[in-house]
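In: no letters, just coordinates:
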């Protein structure tokens, strides 16, 4: 065999299609000190052909300076993790995990939200609001931390269970998390448990003043729960989400989850996507609020249903989510960026700041590309191609190749349009 071909034990995340996993994570929350004790149990099964020497986990709390007191074990044997990057917690297996075998990886640590320096609105606290987005340590390649973009490269878990325990009783609506609440107080209490299948991560949002407004969208079949400190705001979030879900289910096919929580976030200026839960900055109102809900709801298809590496190829989900949002609103963006849309997040220098920054390029110039494709191929033709792409890669972990191939093969002229926006390296990945 060539020297470059691995024949011995490897890290599990060298091939994200070579394992499956389930995650049980418990957050014990001290509300007054804004400290969260994390205990997680990850059961991994080697479905590949090579033994695993280790499992690399990605931890946003660690990268954000909010992580301490780390302890880990594998099948009850205490191990010492390595940290090849600021995001990484690499768990060594005491003995190689052979193909077909399973192991239980346990991890403990303390998250101090007041210490978080995350600027993307994923992890922090403001007033009575506590946010734990990307809080659990999830399988992913050992990339370096960036303050631009999202950190998730994990494949979907078979099941994620999130348990939240608070140090004092809160109203039932105060704790929101990804998935269906299988345990919750009747009126007030300290214990909540949520379960979601085929999810890439799970978020928790806590505010004692939260109120819920709920309805079920008839077209998508999704139950929507708007969550905010006022019923007026919660109702507006529900209306926006219902409009988005109706459009996207019609265009892209069945939604990935039967429940979507749309949560008002005190982390102003940003909005975030998570499977089954989206966060909308509380300062967004009117058409800006609607755009944010449109964009983050689209991520339920582009990121949650079709999973991609958000670090190495953020355009795969962000371009499609932004195009979906603009198409739903019937508007078109402009972009003065001259960059290709498929660079690494750090290569753009800043999230917003000049024509060639991350947001103007990946979001806006990417959406301009999609509108060019719609004009050349026909709107309905492009939507049909995106629907086929979404449903044929349902809960799959994809590289850039399947999307490039789906767009290129959608009709005459598509390849020439892609060449103006994507690098030769990305174009060569098409199947």
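Out: Received the coordinates, thanks. These numbers come from a predicted model, not from an experiment.

In: where along the stretch 151-300 of the chain do the strands fall?
Out: Using DSSP state E, counting those that start in this stretch, the strands of the stretch 151-300 of the chain run over residues 157-171, 175-177, 180-183, 188-199, 204-206, 211-216, 223-228, 259-265, 272-274, 277-281.

In: got the angle for the fourth one vs strand 277-281?
Out: What that stands for is strand 188-199. Computed with axes from the mean of the first three to the mean of the last three CA atoms, to 10 degrees, the direction of strand 188-199 lies at 110 degrees from that of strand 277-281.

In: in strand 188-199, what counts as buried?
Out: 189, 192, 193, 194, 195, 196, 197, 198, 199 (16 or more other CB atoms under 10 Å). C-beta here means a position set from N, CA and C on the backbone, and glycine is covered the same way.

In: let me know the average pLDDT across that strand.
Out: On average, the pLDDT along strand 188-199 is 98.

In: now the strands of the stretch 151-300 of the chain in CSV, with distance to residue 287?
Out: Output for these, formatted as CSV (distance: least, CB to CB, whole Å):
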stretch, distance to residue 287
strand 157-171, 32
strand 175-177, 25
strand 180-183, 32
strand 188-199, 30
strand 204-206, 24
strand 211-216, 21
strand 223-228, 18
strand 259-265, 16
strand 272-274, 19
strand 277-281, 13
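
In: residue 382 is nearest to which of those?
Out: strand 272-274 (22.4 Å; CB to CB).

In: outside of that closest one itself, list whatever touches it.
Out: 120-122, 133-134, 150, 178, 201-203, 265, 278-279, 296, 299-300, 303-304, 321 (CB atoms under 8 Å, 6 or more residues apart in numbering).

In: ok, 10 Å please
Out: Identification of contacts with strand 272-274 by CB atoms under 10 Å, 6 or more residues apart in numbering yields 120-123, 131, 133-134, 150, 152, 177-178, 196, 199-205, 261, 263, 265, 278-281, 292, 295-300, 302-304, 310, 317-318, 321.

In: now a PyMOL select for only the buried ones of those.
Out: Selection of buried members from these for PyMOL, criterion 16+ other CB under 10 Å:
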select buried, resi 120+121+122+123+131+133+134+150+152+177+178+196+199+200+201+202+203+204+205+261+263+265+278+279+280+281+292+295+296+297+298+299+300+302+303+304+310+317+318+321
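
In: pull the longest helix from the protein.
Out: helix 231-252 (DSSP state H).

In: for it, give the mean pLDDT please.
Out: So the average pLDDT for helix 231-252 ends up being 98.

In: show me what counts as buried in that helix.
Out: Buried residues in helix 231-252 (16+ other CB under 10 Å): 233-234, 236-249, 251-252.

In: ok, stretch 53-66 next?
Out: Neighbour-count burial for stretch 53-66 [16+ other CB under 10 Å]: 53-64, 66.

In: closest to residue 374 among the buried residues of strand 188-199?
Out: Nearest to residue 374 among these, with distances taken as CB to CB, is residue 198, at 29.3 Å.

In: please report the distance of that closest one from residue 156.
Out: Going from residue 198 to residue 156 by CB to CB, to the nearest Å gives 4 Å.

In: shared neighbours of those two, anything?
Out: In contact with both residue 198 and residue 156: 256, 275, 304, 305, 307, 394, 395, using CB under 10 Å, 6+ apart.

In: what sits against the fourth one?
Out: This means residue 305. By CB under 10 Å, 6+ apart, the neighbours of residue 305 are 156, 198, 252-257, 275, 299, 390-391, 393-396.

In: quick check: phi and psi on it?
Out: Torsion angles at residue 305 (phi, psi; degrees, to the nearest 10) stand at phi -70, psi -50.

In: strands of the stretch 1-150 of the chain, residue ranges please.
Out: 10-11, 19-30, 35-46, 52-58, 67-74, 77-79, 88-97, 102-112, 123-126, 129-132, 138-139.

In: please identify the deepest-packed of those.
Out: For those, average neighbour numbers computed from mean count of other CB atoms under 10 Å are highest in strand 138-139, which has a mean of 26.

In: which other residues reach it?
Out: 11-13, 16, 19, 21, 23, 25, 40, 42, 44, 55-60, 91, 105, 151-155, 157, 160, 199-202.

In: for the stretch 101-250 of the chain, give me the ranges with low pLDDT.
Out: 145-149, 151 (pLDDT under 70).

In: residue 96 contacts residue 52, doesn't it?
Out: Yes. Judged on CB atoms under 10 Å, residue 96 makes contact with residue 52 at a distance of 6.3 Å.

In: identify the contacts common to the two.
Out: Joint contacts of residue 96 and residue 52 (CB under 10 Å, 6+ apart) are 9, 10, 46.

In: which ones are touching the last one?
Out: For residue 46, the set of contacting residues under the criterion of CB under 10 Å, 6+ apart consists of 12, 18-20, 52, 93, 96-103.

In: residue 385 too?
Out: So residue 385 contacts 373, 377, 406, 407, 408, 409, 410, 411, 414 (CB under 10 Å, 6+ apart).

In: re the thing from before, out of the strands of the stretch 1-150 of the chain, which comes closest to residue 426?
Out: strand 52-58 (22.9 Å).

In: tilt between the closest one and strand 88-97?
Out: Angle, strand 52-58 to strand 88-97, by the same axes, to 10 degrees: 160 degrees.
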